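> structure here, sequence nowhere to be found:
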């Protein structure tokens, strides 16, 4: 039943959008101010089951919503006005699409007869996000006909359902709205307590027994099996399944830090170091005959380069649904099933043979490289006297509190962290925007994540990424569990560490983009507790209390010098080449 508004200034179907969202458990919204979207904003704000936050910068708002959805696993809604505001959502929407994060993107629009008529804040909004959303929906401009009311209800149900179906992702609903935008003074919004809800029940994708047995028998014919895990969210069931599968089948478990496998005792996490080697025989000794992959993108360029050159005979990818990438050019089989279930079965199969097996030479070769690389890496840091950002981050990552979350900004921050890894006895969830791997929105994403948990959320970021996304801090919702570690080397130092741009005379101005800002005033504006460190003693002193509970968010700015960092990084690489 749809209850009409008194005076009928704000059309009931727009109000019902809020009721449908609440009924389908979409109860977190980030809105950006504007007149065209006012009816939607007011409906959401006045619905008692929905929590709304307002962030003026639409790009920052969208990344905050992405971080909230990342952390909670639930659909988070976005609402903005018409025109260029809609385009400002695009970076976060593309990141959500490739990272498979569920977002409900609702954009207000002018009615169709006023498009391309030189009205302000008007662009072509239908399907504006193209192939970077799972679906685009256009609501009718007429909200009075019963068919239109039914259509709006169905579209909202369908959009929310689709956002949550694996692989998850953003959906776009474009809403033409005519004036008046605001209710009269005495007008009361009434929400349907039981709007029509269309449920979609998903099923678990289990392999038929004959198909599994064929794979299991073929599995036994390979002696050089290797598992590579791409980016996955923290998942204890999957981690345990992969750990047992690799242990009992004597195969290396190769995982970047963003794979969240660092607590697995048998995880190979130093591959980004030892695969730098130019020794051909070493690499041939590490070449698998069967490569099995699970998860999204792989961070390590050294691993990708290795597998593209030293190709396996077969490559199986395990993914229950959705498009499958072929990042190494080696894919031979796609296995449509639940990964945790599949690897649990393979682990159980391997367990019965495990006690009677001789050590697998291939697995032993990978483990030997892992141990050797970690020992050399530790020794290298012991033998340096310079204060570098790499060494500083090593101390920061060792100081991270147990049972917390780590967000890694793109560029050098995530790469440093991948070299360093984490202590296996610490339960730390690792997150990074590796869908499109842009520096935009890294701060806002971490803010959104911190809004959805009481645990400490630490963002490690560089100065270019931080200052690019300062508007991620420009709102009234900064959580006190947020910790930001800012590596300020006065520019994009990664371009001093990549051979190509580093050799160019224009590198400083056009690639590194040198800057002289510090975060002190930004912290004052945002009411963030500011700390700085320029040497080891200052860093250690700050870290003693930096992660302690506080009534405000905290930022630690680590000042370093690009030339020293670049020289240190090049010297580190020489240890492994």
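Yep, it's here. This one's a predicted model, so the numbers in the text were calculated from it and none came from an experiment.
> report the separation between the nearest residue to residue 232 once chain neighbours are set aside and residue 560.
Counting by C-beta to C-beta, 6 or more residues apart in numbering, residue 295 is the residue found nearest to residue 232 once chain neighbours are left out, at 4.3 Å. C-beta here means a position set from N, CA and C on the backbone, and glycine is covered the same way. The spacing between residue 295 and residue 560, counted by C-beta to C-beta, to the nearest Å, is 32 Å.
> just to revisit the earlier point, need the contact list for the residue nearest to residue 232.
By C-beta atoms under 8 Å, 6 or more residues apart in numbering, the contact set of residue 295 is 229-232, 259.
> narrow the residues you listed to those that are buried.
229-232, 259 (16 or more other C-beta atoms under 10 Å).
> tell me which helix or strand of this structure sits lowest on mean pLDDT?
Across the helices and strands of the chain, mean confidence by mean pLDDT, DSSP states H and E is lowest for helix 494-497: a mean of 61.
> in the strand or helix carrying residue 242, what's buried?
Taking DSSP states H and E as the criterion, residue 242 maps to helix 236-248. Along helix 236-248, these residues count as buried under the neighbour rule (16+ other C-beta under 10 Å): 238-248.
> swap in stretch 149-160?
Residues of stretch 149-160 classed as buried under the neighbour-count rule (16+ other C-beta under 10 Å) are 149, 151-153, 155-160.
> what about the buried ones among the contacts of residue 295, which are in strands?
Among those, the members found in strands (DSSP state E) are residue 229.
> in a markdown table, list the buried ones among the contacts of residue 295 along with pLDDT and distance to residue 116.
As requested, the buried ones among the contacts of residue 295 are exported to a markdown table (pLDDT from 0 to 100; distance: C-beta to C-beta, whole Å):
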| residue | pLDDT | distance to residue 116 |
| --- | --- | --- |
| 229 | 99 | 49 |
| 230 | 98 | 43 |
| 231 | 98 | 41 |
| 232 | 98 | 45 |
| 259 | 98 | 48 |
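> of all the buried ones among the contacts of residue 295, which comes closest to residue 106?
When these are ranked by distance to residue 106 (C-beta to C-beta), residue 231 comes first, at 28.0 Å.
> who touches that closest one in this structure?
Contact analysis of residue 231 by C-beta under 8 Å, 6+ apart lists 99, 256, 258-259, 295-299, 432, 434.
> and what of residue 471?
Residue 471 sits next to 56-57, 59-60, 444 when contact means C-beta under 8 Å, 6+ apart.
> from residue 92, how far off is it?
Distance of residue 471 to residue 92, given as C-beta to C-beta: 12 Å.
> that's a helix at residue 213, yeah?
Yes: judged by DSSP: H, G, I helix; E, B strand; the rest coil, residue 213 forms part of a helix.
> show me where the stretch 401-550 of the chain has helices.
Remark: helices assigned in the stretch 401-550 of the chain by DSSP state H, counting those that start in this stretch are 412-420, 442-450, 463-468, 494-497, 499-502, 520-526, 536-543.
> which residues are in contact with the third one?
Okay, so that is helix 463-468. Residues outside helix 463-468 that contact it (C-beta under 8 Å, 6+ apart): 409-411, 413, 439-440, 442-443, 484, 486-492, 513, 515, 517, 519, 522.
> sorry, back to before: residue 175: which of the helices of the stretch 401-550 of the chain is closest?
Evaluated over the helices of the stretch 401-550 of the chain, closeness to residue 175 peaks at helix 442-450, with 23.4 Å, by C-beta to C-beta.
> now the angle between helix 412-420 and the closest one, please.
70 degrees (axes from the mean of the first three to the mean of the last three C-alpha atoms, to 10 degrees).
> ok so, going back, which stretch in the helices of the stretch 401-550 of the chain is the model least sure about?
Averaging pLDDT over each of those singles out helix 494-497 as the lowest, with a mean of 61.
> which parts of the longest helix seen in the chain are buried?
Criterion DSSP state H: the longest helix present in the chain is helix 361-382. Neighbour-count burial for helix 361-382, counted by 16+ other C-beta under 10 Å, picks out 362-363, 366-367, 369-370, 373, 377, 380.
> so what's the gap between that helix and the chain middle?
What separates the centre of helix 361-382 from the centre of its chain is 29 Å, taken as C-alpha atoms, centre = their mean, to the nearest Å.
> could I get the buried residue list for the helix or strand that comes right after that helix?
Beyond helix 361-382 on the C-terminal side, the first helix or strand identified by DSSP H and E is helix 389-399. For helix 389-399, a neighbour-count test (16+ other C-beta under 10 Å) marks 389-394, 396-397, 399 as buried.
> wait, which of the residues you listed is closest to residue 568?
Taking C-beta to C-beta as the measure, residue 568 lies nearest residue 390 of the buried residues of helix 389-399, at 6.0 Å.
> ok, the closest one touching residue 571?
No: contact between residue 390 and residue 571 fails when scored by C-beta atoms under 8 Å: they sit 10.4 Å apart.
> got any residues that touch both of those two?
By C-beta under 8 Å, 6+ apart, no residue touches both residue 390 and residue 571.
> how about the contacts of residue 231 in CSV, adding distance to residue 566?
Below are these laid out as CSV (distance: C-beta to C-beta, whole Å):
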residue, distance to residue 566
99, 30
256, 23
258, 24
259, 28
295, 32
296, 30
297, 26
298, 25
299, 21
432, 23
434, 24
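> nearest to residue 335 among those?
For the contacts of residue 231, the nearest to residue 335 is residue 295 (13.5 Å; C-beta to C-beta).
> ramachandran angles for that closest one?
phi 100, psi -180 (degrees, to the nearest 10).
> that one and residue 66, how far apart?
Taken as C-beta to C-beta, the span from residue 295 to residue 66 is 19 Å.
> repeat for residue 545
31 Å.
> who has more neighbours out of those two?
Legend: neighbour count by other C-beta atoms under 10 Å for residue 545 and residue 66, higher for residue 66 (30 against 10).
> who touches the more buried one in this structure?
Residue 66 sits next to 76, 92, 95-96, 99, 101, 103, 433, 441, 444-445, 448 when contact means C-beta under 8 Å, 6+ apart.
> can you pick out the most distant pair from the residues you listed?
With distances taken as C-beta to C-beta, the most widely separated pair in the contacts of residue 66 is 76 and 433, at 15.3 Å.
> just the strands in the stretch 101-250 of the chain please.
When assigned using DSSP state E, counting those that start in this stretch, the strands of the stretch 101-250 of the chain occupy the ranges 103-109, 135-138, 170-176, 225-229.
> neighbouring strands - and their directions - for the second one?
Strand 135-138 sits in its sheet next to strand 170-176 (parallel), going by DSSP bridges.
> now the partner strand, how far from the centre of its chain.
With C-alpha atoms, centre = their mean as the basis, strand 170-176 stands 22 Å off its chain's centre.
> and the contacts of stretch 535-546?
By C-beta under 8 Å, 6+ apart, the residues outside stretch 535-546 that reach it are 387, 391-392, 395-396, 399, 483, 531-533, 554, 556, 558.
> how about it: buried residues?
For stretch 535-546, by 16+ other C-beta under 10 Å, it's 538-539, 542-543, 546.
> residue 48: which of those residues is nearest?
Comparing the buried residues of stretch 535-546 against residue 48 with C-beta to C-beta places residue 546 closest, at 38.2 Å.
> in CSV, list the strands of the stretch 101-250 of the chain along with distance to residue 23.
Listed next are the strands of the stretch 101-250 of the chain as CSV, based on distance: least, C-beta to C-beta, whole Å:
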stretch, distance to residue 23
strand 103-109, 13
strand 135-138, 18
strand 170-176, 16
strand 225-229, 37
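> out of these, which gets nearest to residue 268?
Proximity to residue 268, assessed across those by C-beta to C-beta, is greatest for strand 225-229 (9.0 Å).
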